[in-house]
Structures are given as structure tokens and as C-alpha cells.
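Trainee: Kindly return the folded structure for what I paste below:
(2 chains)
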Protein chains: 2
Amino acid sequence: MSLIVQKYGGTSVGDLERIQNVAKRIAKCVQTGTSLVIVVSAMTGETDHLTQMAEKITAKPNQREMDMLLSTGERVSIALLAMALQELGLSAQSFTGRQVGILTDSTHAQARIQEIQADRLEKALKEGIIPVVAGFQGINRQSDVTTLGRGGSDTTAVALATALKADLCEIYTDVDGVYTTDPNIVPEARRIHKISYEEMLEMASLGAKVLQTRSVEFAMKYHVPICVRSSFNDLGGTLVTTEDSEMEQELVSGITYDKNQAKVTLVGVPDRPGIAAMIFEAIAKENVNVDMIIQNVGQAGLTDLSFTIPNTDARRAKEILMALIEKLGVAEVALTEHISKVSIIGVGMRSHTGVAAKIFSSLAAEGINIMMISTSEIKVSCVIESKYTELAVRTLHEAFELGDKQEPQEESI
Amino acid sequence: MSLIVQKYGGTSVGDLERIQNVAKRIAKCVQTGTSLVIVVSAMTGETDHLTQMAEKITAKPNQREMDMLLSTGERVSIALLAMALQELGLSAQSFTGRQVGILTDSTHAQARIQEIQADRLEKALKEGIIPVVAGFQGINRQSDVTTLGRGGSDTTAVALATALKADLCEIYTDVDGVYTTDPNIVPEARRIHKISYEEMLEMASLGAKVLQTRSVEFAMKYHVPICVRSSFNDLGGTLVTTEDSEMEQELVSGITYDKNQAKVTLVGVPDRPGIAAMIFEAIAKENVNVDMIIQNVGQAGLTDLSFTIPNTDARRAKEILMALIEKLGVAEVALTEHISKVSIIGVGMRSHTGVAAKIFSSLAAEGINIMMISTSEIKVSCVIESKYTELAVRTLHEAFELGDKQEPQEESI
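Mentor: Next up is the predicted model:
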């Protein structure tokens, strides 16, 4: 008998009617003879509501207390969903992160799972009970409640699938799956039926918000296939799994973009060892993530150094560097906001050449200037002016013929 | 250094401003050098909100799931209050029922505390941390969340005071303390400064809603003094403690009433052994609590049997008995609704005679007929027609001179 871990996100359990619909979906699935473990998030808006209360009390909420507070959201969901399942005559039981043995480190708000003691979950499954597990939470060695950070319920689902050696981890959300690009920008965008962990990781970290990077890393490490699909229809979703021969035929799988980018340029940096280290240590100390870095060779022992960071951190980063400007011997710190990063992802790039050339020529034909480039084995990212983002995404989507193919017919579940 | 367990009820932490006020009250108390353990209820309305959601999903919510659901309310309160205390510069930490080692039996929704493993709480106190504990909840031996039933947070507070050998358990609520009777009916009602456990038990079980019976039983058993007081002012409240000589001077301490009463009369009951047992077994099986019972001696081997029950159960009780009418050989089942029970409580009755006589003559002087009477060592209860309730309470309050005395001056805390 197959075992599936199903995770339902906040919008899928957003109100009582939706919780009842999820229960019906689960009941249908149980009828096929599949064993299920359900993981749920807090009802939409609940986490925001709790966070707002905390922020009214203190500007800097203690992280341990925030975890205590936020972990209640998922507990409400599991109790209500378990009741809805029982109302349909199913044997279901709610479990907290602690009760299913999710042990984490003590980094409150960003805890990492260290171990899963799944005895109780296995016992419940043996007894024919459908366990309904609170996502996003665990406990540390001091028995304090911890939370796993944004998208943590995905991580819970994948981790439980790993621990239970489940056949599949289904992530139910409010979109049909992973698309070749944002359908809001490119109406011809196509749902991807199958994608490799590596590609999904790039997609996730480059801005496709459907799956959290950490859950994909986890799934890749333990070879758990993930299916991302909508809880509002019966489409087949997107299967995230190990790279196979079928995938390799695709040159490019998808295109992502990220508008939350800014470029910092240090003009006239003395070209001597240790300067770059000083700059990036100062930035890292303030928890600002540097993405791309470019250093131009300049004249007379001076260079220009540019790097990109999230736009939300831009002004803070500039302040940090302005404070160091004399110590660094830098002439000027320039900030360019309103830039975007557009990325092309595909495992096919490994075996095919000419992808980069095609990107450059396509964008050039539309008069779009590329300010920075970074590449990996399966990805090319370009930084461009923000106002060209949509045009660039549409141009590249067409150039790589991502929307052209006929959607294959597929059975609904 | 003295140790006080303070419990704040739902209205005391009813909104964010009130939570901040409670934090200030605690801060003031800490300045006097007292060690504190704080127990809190869910914010007013939260438990109702959660219950309503469950009831929309299922008519008969599973009790284990209800406990999982309802226990979130207190968790929100403890996190927010701990944050508010930290914001005032105090070292505070929230703890769930589980984290302070409250082990209960498995009677979900009505669990009883079996053991308290207070190591973690003691450690926190030693470290100078103010523990903020979720009331109303514990875990059973299977590590499932349980709740302690209505007023369970009072029980949590008293139980922790016992386990920690605290000097005092303060119950903060929205009233100033325990009154000689309901001030809404008798404006001259006086706050009682000191009352014995036994009297408080009678008061609580007879309708004074300020303290839950179980928490008083617990306090009496372990000799923990309780002080009931308002979180909205600095009045001294009511001290519930062991009976002492001062108390014995008071003939009567208080008068309570309960309008939720009904009388069932079985007319023409065959006067032979086993009939009464059949009647009360049938009633008990349906979880209806019988209070007073009266049997009149009748003629020709037939008697009349009357008993009182909560009015909310009256119609159900009648149905149960109507179904048995032939089997019992009873002529008629008569139901009298709209009756009230008025009770006079005082440890002084033990050593003073004439209390009952004074009650009967006072009520008779006002033309109030007494339908049933029951007495204990420290209590006399009379069943009367509901419409006379307020008149009876006022008459007795005056007859026993409960409102006459000058309120002694007392220092505020």
C-alpha cells in the first residue's frame, strides 16, 4: 500500500468551508487505498494577526515567545481538520510538531530539523488513523517550541515523508504547479509536468515562490519525490524528482525574475589584497545577503567593485559602506535601485551550448541592456533595468519556445 | 523571600492594553521583592471563538481535538504577556502546561491534575525569571494535551502554588472579591475580607461564580491561602483560608441564589424498596445532577417524591421519567419550572442555633412560601418561587445584618 504525505497551505485551509473541502479531498484519496499523513499550515491571515498583536506590544518581540505565539496557528488548523475528517466518518487525530517527534536546533524562528522520532506517527498509521500534523513547528532539546521559518510547513511535510519513507510528498497550494514563468506576465506560460530537484532549487531561490528552497534541498538529499498541485482543482500539478533522460531533452525549463534587487558600486577601490574582504565582512555582519559580484579592472591600481543585494537592504548597506569609506580608501559609493534579475533555468544547459548567446541576442534585439551576468551549470542570470522586466521575460519565454508546445492531455486524479 | 502565584483571568488579559496593564501590576509587585509565578487564561472571547469554529464543523466535536484547539487560547496569552513583561525590562518566559509538568488523567475537557513535575519552574525561579504559565491545560501520560474544564486556570494556579509551596495564591478577576451576596440585587452587599475554605466551597457550588469549586477543594486540601481580587483596582480582595477564631464570630457569611432550578414531582409512587433507586439510576445515566430530594409519606402505600435538578435538564428528565411511568407504577410526573434556590452560608451555624428559625420567620413575614429545605453543617438552602428570589435575598441579607457593618479601612497594595 502506498503512503503519501500531503501538505495543505494556508489558503487551502483559509476558512471553515475550505477545511471541509480539504477533508473531502482526503476522504476521496483514502478510498483509493492510499495511506495518508496530512500536514497543515495556519489558516490564511492567522500568522499575520498574531504577529500584529506581538508588534503592538513590543517593537522587538523575543524570538522564543514569537515561536510560542505563532505555533498556535497550526494547532488550530490541525484540530479543526481532524474534526472535519471525523465528521466524514474517518479515523483522524491531530498531532503537534512535538508529538510527531520533530526535534530541531534552538534557532528560534529559523530552526532546523535535527531528528524525527516518528514512533508515534508510525503507530497511528498502523492503527489506521490519519495523522493530521501541525506544520512549521518542532521542539528543541529544552522542550521549547521552535518554528522552521517561512515555508516551514513544506519542510515539515518533506521531512516526515523522508522519515516515513513515503512514496510521495504532495504539496497542495493555491496554484496549479510550477510554471515555465509567471503567467501574470506571460499568458502562454505552461505548467511544467516534471522538473529536477536542481532546477526547482534554482527556480525557488530565484523567485518562483511555490516551494521553499529548504524543503527542496531536503527532498533532493533524501530522494523524496514532491508533487506541487492545487487544492482547488484536480490538475496533475508538477512533479519534482530526480533528473531523468526525459528532462534532458528540454534545453530550458523555466524563467524567473526578481524585482527586489539593487546594485551597489564602489568606485575607485584600491586594488590591494584584503579590501574586498573588509567590504563583504562589514555587509555580512549586518545579515545582508550579497548575490552577484563583479570587479572591473581599472587604472592606476584602482578598480570598480559592484554587487547586488535585496533592494530592501540597499539603503542600510550603503550606510554601512559610507561609514567605512575613508578606511577603505574608496572614492564613492553609488547605489542603483530599480533593477531586476531575470534568470533562465534548465538542466539541458549542461549538454547544450549557445544558451547564453541566445539570451544576449534576444535581449539586445529588444534594446535591453544587460548590466551584470552570472551563470551556473544549469542557470544564466542577467541584471537589467526594472522597467524592462516583463518585456525581457516575454522575449526569452518566446525565444526558447517555452509556451509553444501543446499541453499533453492528462488524467485528473 | 515570599513566593506568590498570581492568576489573571480572561477579562484581565482581554485586550493588548489590559495585558500591558497586567505587566505593569506585576512589575510593581516584583519591586517589593516578591517572587512571582503568573498563570493566565485565554483572552476573553477567544475560547468562544474557537468553540464556535468547531461547532460549525461538527455537532459533536471530539474531546481530544477540542482540547488541542482550546489550549491554543492560553498559549497566545502567555506569549503576549511574557513579551509585555520583557518590554518593561523584566526577565520573563512563557511556559505551557506541559512545560511546567502538569500531568493529568485522560478525561479530555474535564481532566484532573495527577502530578506536577515542577523542576523546570523551580529552575526558572532560581534564575530570576518570572514564569508565565498557561492555565487550564496539562498533558496526559500519552503526551496529549488535556484541559481542566471551566475555571481550570484557577485550578492550575492553586496546584502550582501547592507544588511550589507558595505563600499565597492570588486570583485576579473582574470583581473586587467575594461579596456577602450579589451586589446587583443588594446594593448594600459587603465584600468579605476573610472566609473559610468550607464556606467558599458552599458559596462556589451554590452559585457565587467568582471561584471554581475544584480550585477551592484543592486549596483546602493543601492549605494554600487564596486571595480573590480585582486586576482593575488595588482593593484588598477576599482571603480564603483556614477557619479561625475571628471567622467564628460571624453567624452568617453570605447568601447565594441559583435561578437555574426546576422541581420534578412523581405523584403516587408505590412505597416499596427499589423504586427510588430505579428513578435516580435512570436520571443519573443521562448525566442529570439531582440536588435536593424530598419524600412525603402518603396514604395506602403510595408516596409523593420530589427532587430538584438544573432547569436546563428539566424537560429531558421529564421525558426519561415519562418513558418509565408504567414500569414504575407512578400516577403522574409533574414539572415545576421557575423556582430558585436561596442559600445562607456560615461556619458560625455550627455553634449557633436559631439560624433556620430566623430564615423561616423572615421569609414568612414577606409572604414567601418555602417549597423545600436542605441543610448542612454550615448551610441552609430553601427552594422558593423564582419571582421572590430578589426579595428573599434582600430580606435575608438584612435579617442577618450582613450589610450593616462599617467597611473597615484597609491599605491598598
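
Trainee: CA only for contacts and neighbour counts going forward, please
Mentor: Noted.

Trainee: all helices of chain A, in order?
Mentor: A:16-31, A:46-57, A:63-87, A:119-126, A:152-163, A:197-205, A:213-222, A:245-248, A:275-285, A:314-328, A:355-365, A:389-399 (DSSP state H).

Trainee: If you tally nearby residues, what's the number for residue A:287?
Mentor: Neighbour count for residue A:287, taken as other Cα atoms under 10 Å in any protein chain shown: 11.

Trainee: meant to ask about residue A:323
Mentor: Neighbour count of residue A:323, defined by other Cα under 10 Å: 10.

Trainee: Mind splitting chain A into its structural domains?
Mentor: For chain A, automatic domain parsing gives the domain ranges A:3-174, A:255-399.

Trainee: out of the ones you listed, deepest packed?
Mentor: The highest mean neighbour count among the domains of chain A, using mean count of other Cα atoms under 10 Å in any protein chain shown, belongs to domain A:3-174: a mean of 21.

Trainee: about what we covered before: so which of the helices of chain A is nearest chain B?
Mentor: helix A:63-87 (5.0 Å; Cα to the nearest Cα).

Trainee: hmm, back to that, by mean pLDDT, show me the worst of the helices of chain A.
Mentor: Note on the helices of chain A: lowest mean pLDDT is at helix A:245-248, with a mean of 62.

Trainee: hang on, the earlier thing: now tabulate the helices of chain A in JSON lines and tack on distance to residue B:214.
Mentor: Converted to JSON lines, the helices of chain A look like this (distance: least, Cα to Cα, whole Å):
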{"stretch": "helix A:16-31", "distance to residue B:214": "35"}
{"stretch": "helix A:46-57", "distance to residue B:214": "32"}
{"stretch": "helix A:63-87", "distance to residue B:214": "27"}
{"stretch": "helix A:119-126", "distance to residue B:214": "33"}
{"stretch": "helix A:152-163", "distance to residue B:214": "40"}
{"stretch": "helix A:197-205", "distance to residue B:214": "55"}
{"stretch": "helix A:213-222", "distance to residue B:214": "48"}
{"stretch": "helix A:245-248", "distance to residue B:214": "67"}
{"stretch": "helix A:275-285", "distance to residue B:214": "55"}
{"stretch": "helix A:314-328", "distance to residue B:214": "57"}
{"stretch": "helix A:355-365", "distance to residue B:214": "75"}
{"stretch": "helix A:389-399", "distance to residue B:214": "67"}
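
Trainee: Could you tell me which residues of chain A lie near chain B?
Mentor: A:16, A:20, A:53-54, A:56-58, A:61-62, A:65-66, A:68-69, A:72, A:75-76, A:79-80, A:82-84, A:87, A:93-94, A:99, A:143-144 (Cα under 8 Å from any Cα of the partner chain).

Trainee: Go again with 7 Å.
Mentor: Within chain A, the positions adjacent to chain B are A:54, A:57-58, A:61-62, A:65-66, A:68-69, A:72, A:75-76, A:79-80, A:83-84, A:87, A:94 by Cα under 7 Å from any Cα of the partner chain.

Trainee: what residue lies at the spatial centre of chain A?
Mentor: Residue closest to the average C-alpha location in chain A (Cα atoms, centre = their mean): residue A:212, at 2.5 Å.

Trainee: Do I have it right that that one meets residue A:202?
Mentor: No. Under the criterion of Cα atoms under 7 Å, residue A:212 makes no contact with residue A:202, lying 10.8 Å away.

Trainee: before we move on, back to that, chain B versus the residue nearest to the centre of chain A, what's the distance?
Mentor: Residue A:212 sits 27 Å away from chain B, going by Cα to the nearest Cα, to the nearest Å.
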